[in-house]
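[1] Generate a structure from the sequence data that follows.
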Amino acid sequence: MIGTSLCKWAISYFAAAIVWLLLAEVLMVAGFGFPNDDIGGPDTLVIVHMVCIGWLSMVVCGALFQFVPVLVARPLYAERWTLPALALLTLGLTILLAGFLALGGHINGPRWLLPVGAGLLIAGFVLVVANLGMTLWLARPLPGPARFAAVGLACICVTAIFGGMFSLVLSGTAVGAQWPDLLVSGVPIHAIAGLGGWLTFTAMGVSYRLLAMFMLAPDGEARLGRLAWLAGLTALAVGVVGGVLALWCATGLDLVLLLAGAAALLSLMAYGRDVLSLYRTRRRRALELNTRMSVLSLASLAAVAILGAALLAAGSFQSHVGALVFLVAFGWLTGLVLANLYKIVPFLTWLEAYGPVMGRVPTPRVQDLVAERRATKWFVLFFAGSWAATLMLLIDAALGFRVALAVVTLATLGLGEELIRARRLADVAEPLRLPTGAAVPHLLISRN
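    Numbering: from 1, shown residues only. Okay, the predicted model is just below:
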């Protein structure tokens, strides 16, 4: 990474994402959305899209703009597209959420807010996919982690297409007998492509590279990595393509979801084994906080697989799908992202502040930009709160869920402050903080 060009707006994506996460958490603590509202109701859709687009998609886009060029050893195809994409995604999500609020009767708004918001989001994701897709295309053949990202980009296209169609149905723009059926039956495909393909599969690929890089570990076993990718690709193909065909033929999704789930489980097992091998073969023996906390997110992913299988066996999957989705979104994805952001932000800040003077003057280490002991309590609170909130959803304790989410929100605020401190070099001891030629980075923009 030394000498690598920094993506100017990656930090801005991260900052915007954390703001959306905090807004979603505050609303849930206030009782807005599921479980106090129907899981498919407008209020819940506000929370879901805040978390999945505003938080997770924003942060994944920022990470991919910075690390896809590292994965494939090529510059980003068009960095000038990153700021317009951020603007389109932010504006589109804001208008989409206004449409959901109007649908729920909270504000007065026209019906076209939903399709307009969805259209702006699609335009933003088109810029993201085109930029990253061209970067990957020009770097063929792709290394293993980059192939995960390529599949993730294909999945966000499917997710956006279904989301656009749903916005037309909900706004009343699309009329006809087939559209309400699509809204009901197409949601699982939308979720598989979004949560499963775009977010989880992309996170798997990026975590492969980040964990190996930050632990100084050799690449994982090629056989297990290939199996994780192929099985995951099969699960997504069966879930998306098979699901569309099942909708077309009106045969139901039960068989499709069962086959996709079996392939996904195989992919996750291979991925888990491969990641454990990274921990075992690492050359950095003392684990830093980000890699220790990544273990807890991986434990949450294992819990997702176990809980999903148990709910299916008990015949209560449908009634507890909200708890499972929450564990995926917070215990697994949000936990993994926050753990990696705790390393990525200081790492990029260190490159920006000290990379230009490296070798000419004494400089701090990357870990000198953070205070791990102070941050540990926030991670413990975050994961404990996420797991407790999942349990509260399983036992239908809405008040307990809000209390647990209050703990999660407090932890998120604490971790956000830690990232700001790292960005401002607040924890770097003198006289190493600002040697000759170094400067404090801007809070939201990187000098590239």
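[2] How about residues contacting stretch 416-428?
    Stretch 416-428 has contacts (CB atoms under 8 Å, 6 or more residues apart in numbering) with 11, 14, 18, 22, 341-342, 345-346, 349, 353, 364, 368-371, 374-375, 378, 433-434, 440-441, 443. For every residue, glycine as well, the C-beta is placed using N, CA and C.
[3] Write the ChimeraX selection for whichever of those residues are buried.
    For the buried members of the contacts of stretch 416-428, the matching ChimeraX selection, counting by 16 or more other CB atoms under 10 Å, is:
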select :11,14,18,22,341,342,345,346,349,353,364,368,369,370,375,378,433,441
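[4] Mind checking which of the contacts of stretch 416-428 land in helices?
    11, 14, 18, 22, 341-342, 345-346, 349, 353, 374-375, 378 (DSSP state H).
[5] Throw those into CSV and include pLDDT, thanks.
    Conversion of the ones in helices among the contacts of stretch 416-428 to CSV gives the following (pLDDT from 0 to 100):
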residue, pLDDT
11, 96
14, 97
18, 98
22, 98
341, 95
342, 96
345, 96
346, 95
349, 95
353, 91
374, 96
375, 97
378, 98
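[6] Export the residues you listed as CSV, with columns for distance to residue 258.
    Below are the ones in helices among the contacts of stretch 416-428 laid out as CSV (distance: CB to CB, whole Å):
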residue, distance to residue 258
11, 42
14, 37
18, 37
22, 37
341, 35
342, 38
345, 41
346, 43
349, 46
353, 52
374, 46
375, 41
378, 39
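[7] Which members of those are the farthest-apart pair?
    Distance extremes for the ones in helices among the contacts of stretch 416-428: the farthest pair is 22 and 353 at 26.4 Å, using CB to CB.
[8] so how far is residue 427 from the residue lying closest to residue 375 once chain neighbours are set aside?
    Counting by CB to CB, 6 or more residues apart in numbering, residue 375 lies nearest to residue 418, which is 4.8 Å off, once chain neighbours are set aside. From residue 418 across to residue 427, the span is 9 Å (CB to CB, to the nearest Å).
[9] higher neighbour count, those two?
    Counting neighbours by other CB atoms under 10 Å for residue 418 and for residue 427 shows that residue 418 has the greater number, 25 against 18.
[10] so how far is the host helix or strand of the more buried one off the chain centroid?
    Assigned by DSSP states H and E, residue 418 belongs to helix 398-423. Put simply, helix 398-423 sits 17 Å off its chain's centre (CA atoms, centre = their mean, to the nearest Å).
[11] part of a helix, is residue 150?
    Yes: per DSSP: H, G, I helix; E, B strand; the rest coil, residue 150 lies within a helix segment.
[12] How much space separates it from residue 370?
    Taking CB to CB, one finds residue 150 at 32 Å from residue 370.
[13] do the same with residue 169
    On the measure of CB to CB, residue 169 and residue 370 end up 47 Å apart.
[14] before we move on, what about residue 269?
    Distance of residue 269 to residue 370, given as CB to CB: 33 Å.
[15] got it, and residue 311?
    For residue 311, the distance to residue 370 (CB to CB) stands at 38 Å.
[16] and residue 124, what does it touch?
    Residue 124 sits next to 84-89, 92 when contact means CB under 8 Å, 6+ apart.
[17] Neighbour-wise, give me the winner out of these.
    Compared across the contacts of residue 124, residue 89 has the highest neighbour count, 24 neighbours, by other CB under 10 Å.
[18] Next up, the contacts around it.
    By CB under 8 Å, 6+ apart, the residues touching residue 89 are 53, 57-58, 61, 120-121, 124-125, 128.
[19] Need the per-residue pLDDT for it.
    Per-residue pLDDT puts residue 89 at 98.
[20] same thing with residue 256?
    On the pLDDT scale, residue 256 gets 88.
[21] counting contacts, what elements does the strand or helix carrying it pack onto?
    Residue 256 belongs to helix 254-280 when assigned by DSSP H and E. Other elements packing on helix 254-280 under the criterion 3 or more CB pairs under 8 Å, 6 or more residues apart in numbering; DSSP states H and E are helix 202-215, helix 222-237, helix 243-249, helix 289-314.
[22] And for the most centrally placed residue in the chain, nearest residue in space, chain neighbours not counted?
    Nearest residue to the geometric centre of the chain (CA atoms, centre = their mean): residue 56, 3.4 Å. The shortest distance from residue 56 to any non-neighbouring residue, by CB to CB, 6+ apart, is to residue 199 (5.3 Å).
[23] By mean pLDDT, point me to the weakest helix or strand of this protein.
    Of all helical and strand segments in the chain, the minimum by mean pLDDT, DSSP states H and E falls on helix 178-185, at a mean of 63.
[24] After that one, which helix or strand is next?
    Of the helices and strands lying after helix 178-185 in sequence (DSSP H and E), the nearest is helix 187-191.
[25] contacting residues for the closest residue to residue 12 other than its chain neighbours?
    Take residue 12 and drop its neighbours on the chain: the residue closest to it by CB to CB, 6+ apart is residue 444, 4.9 Å away. Neighbour list for residue 444: 11-12, 15 [criterion: CB under 8 Å, 6+ apart].
[26] which stretches of the stretch 301-448 of the chain have low pLDDT?
    448 (pLDDT under 70).
[27] in a strand, that's where residue 105 is, yeah?
    No: with three-state DSSP as the criterion, residue 105 is assigned coil and is not in a strand.
[28] separation between it and residue 42?
    Relative to residue 42, residue 105 is positioned 8 Å away (CB to CB).
[29] The two: which has the busier surroundings?
    A direct count of neighbours by other CB under 10 Å for residue 105 and residue 42 places residue 42 higher, at 19 against 9.
[30] On the pLDDT front, check residue 251 for me.
    75.
[31] same check, this time on residue 243
    Reported pLDDT for residue 243: 86.
[32] just residue 219 next, same as before
    The model's pLDDT for residue 219 equals 67.
[33] again, but for residue 194
    pLDDT, residue 194: 94.
[34] can you tell me which residues contact it?
    Residue 194 is in contact with 52, 155-156, 159, counting by CB under 8 Å, 6+ apart.
[35] Which one (most neighbours) among those residues?
    In these, the most neighbours by other CB under 10 Å go to residue 159, 27 neighbours.
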